[in-house]
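S.K.: Below are the sequence and a predicted model for it; my questions follow.
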Amino acid sequence: MSEQATGNGALVDIRGVEKVFRRGAEDIQVLKDLNLEVPAGEFLALMGPSGSGKSTLLNLIGGLDHPTRGTVSIAGERIDQLSDHRLAAWRARHVGFVFQLYNLLPVLTAERNVELPLLLTHLSKAERRAHVATALAAVGLEHRAKHYPRQLSGGEQQRAGIARGIVTDPTLLLCDEPTGDLDRKAGDEILGLLQALNREHGKTIIMVTHDPHASARASRTVYLNKGQLTREPND
């Protein structure tokens, strides 16, 4: 699948999406008739209070979950119709994830952590090493490649996490509170890196954040409130 927009010009096209979770005998509706379009090359911030459905929406876009109703299309492909097996293969090819708590394996060096997504591909060892070197250079961490997570600062660990997210050259980079565990200086460095990946490398980025300072770095911000999108925080 090439990185192309859908017929309406959007890379990400979400239509009438609802997500309902079952908790005991109760149905909890997290997303309600949600529509969203994200053009290729956009840096989008998703904001909203806790429990508004931000991470649930990110998981649907990233193929980590299926909607209860509605359609989720990425570059023209209906990922909501894929089986779990096909969805896992699609996700490995097209989505990079960046998490708040880095999720680095402590027993592996930075370069080995970055290499992990490539182990699901058919690349040779030499090709994997070349991809890892490129990703580490893109985030300015090539000089720390042989270091373990415990030897890295929080900001450096997140840089390694971003390198791992981009090492497969994904269609989408999905970031869930990427600066939430960092101080302001380190957070600003990470936000600057995300902006550079977006502006200089054309990466399409969707970032969940609680922080208006972080969302200001995005090219567009949308707000989730009680499972529905609004144009302003208090709409």
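M.R.: Received it, and whenever you're ready, just let me know what you need. Residues are numbered from 1 along each chain as shown.

S.K.: all helices in this protein, in order from the N-terminus.
M.R.: 54-61, 84-94, 110-115, 125-138, 154-166, 184-201, 212-215 (DSSP state H).

S.K.: Among the ones you listed, single out whichever gets nearest to residue 227.
M.R.: Of all these, it is helix 54-61 that lies closest to residue 227, at 8.5 Å by C-beta to C-beta. To be clear about C-beta, it is placed using only N, CA and C from the backbone, and glycine gets the same treatment.

S.K.: Please tell me how far the closest one is from the chain's geometric centre.
M.R.: Remark: helix 54-61 is offset 9 Å from the chain centroid, using C-alpha atoms, centre = their mean, to the nearest Å.

S.K.: got it, and stretch 48-65?
M.R.: The answer for stretch 48-65 is 11 Å, by C-alpha atoms, centre = their mean.

S.K.: and if you look at stretch 147-156?
M.R.: Counting by C-alpha atoms, centre = their mean, stretch 147-156 comes out at 21 Å from the chain centroid.

S.K.: Mean confidence (pLDDT) on that stretch, please.
M.R.: The average pLDDT for stretch 147-156 rounds to 95.

S.K.: quick one: buried residues of it?
M.R.: 147, 148, 149, 152, 154, 155, 156 (16 or more other C-beta atoms under 10 Å).

S.K.: Let's have those residues in JSON lines, adding distance to residue 200.
M.R.: Formatted as JSON lines, those follow (distance: C-beta to C-beta, whole Å):
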{"residue": "147", "distance to residue 200": "26"}
{"residue": "148", "distance to residue 200": "29"}
{"residue": "149", "distance to residue 200": "27"}
{"residue": "152", "distance to residue 200": "24"}
{"residue": "154", "distance to residue 200": "24"}
{"residue": "155", "distance to residue 200": "20"}
{"residue": "156", "distance to residue 200": "21"}
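
S.K.: In those residues, find the pair that's most separated.
M.R.: Taking C-beta to C-beta, no two of the buried residues of stretch 147-156 sit farther apart than 148 and 155, at 15.8 Å.

S.K.: on that earlier part again, how about the helices of the chain in CSV, adding distance to residue 227?
M.R.: As requested, the helices of the chain are exported to CSV (distance: least, C-beta to C-beta, whole Å):
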stretch, distance to residue 227
helix 54-61, 8
helix 84-94, 23
helix 110-115, 34
helix 125-138, 35
helix 154-166, 27
helix 184-201, 26
helix 212-215, 19
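
S.K.: Report pLDDT for the spatially most central residue of the chain.
M.R.: With the centre of the chain defined as its mean C-alpha position, the nearest residue by C-alpha atoms, centre = their mean is residue 174, 0.8 Å away. The confidence metric pLDDT takes the value 96 at residue 174.

S.K.: and the gap between the nearest residue to it once chain neighbours are set aside and residue 12?
M.R.: Distance criterion C-beta to C-beta, 6 or more residues apart in numbering; nearest residue to residue 174, sequence neighbours excluded, is residue 62 at 4.8 Å. Going from residue 62 to residue 12 by C-beta to C-beta, to the nearest Å gives 10 Å.

S.K.: what is in contact with the two at once?
M.R.: Between them, residue 62 and residue 12 have residue 172 as joint contacts when contacts are counted by C-beta atoms under 8 Å, 6 or more residues apart in numbering.
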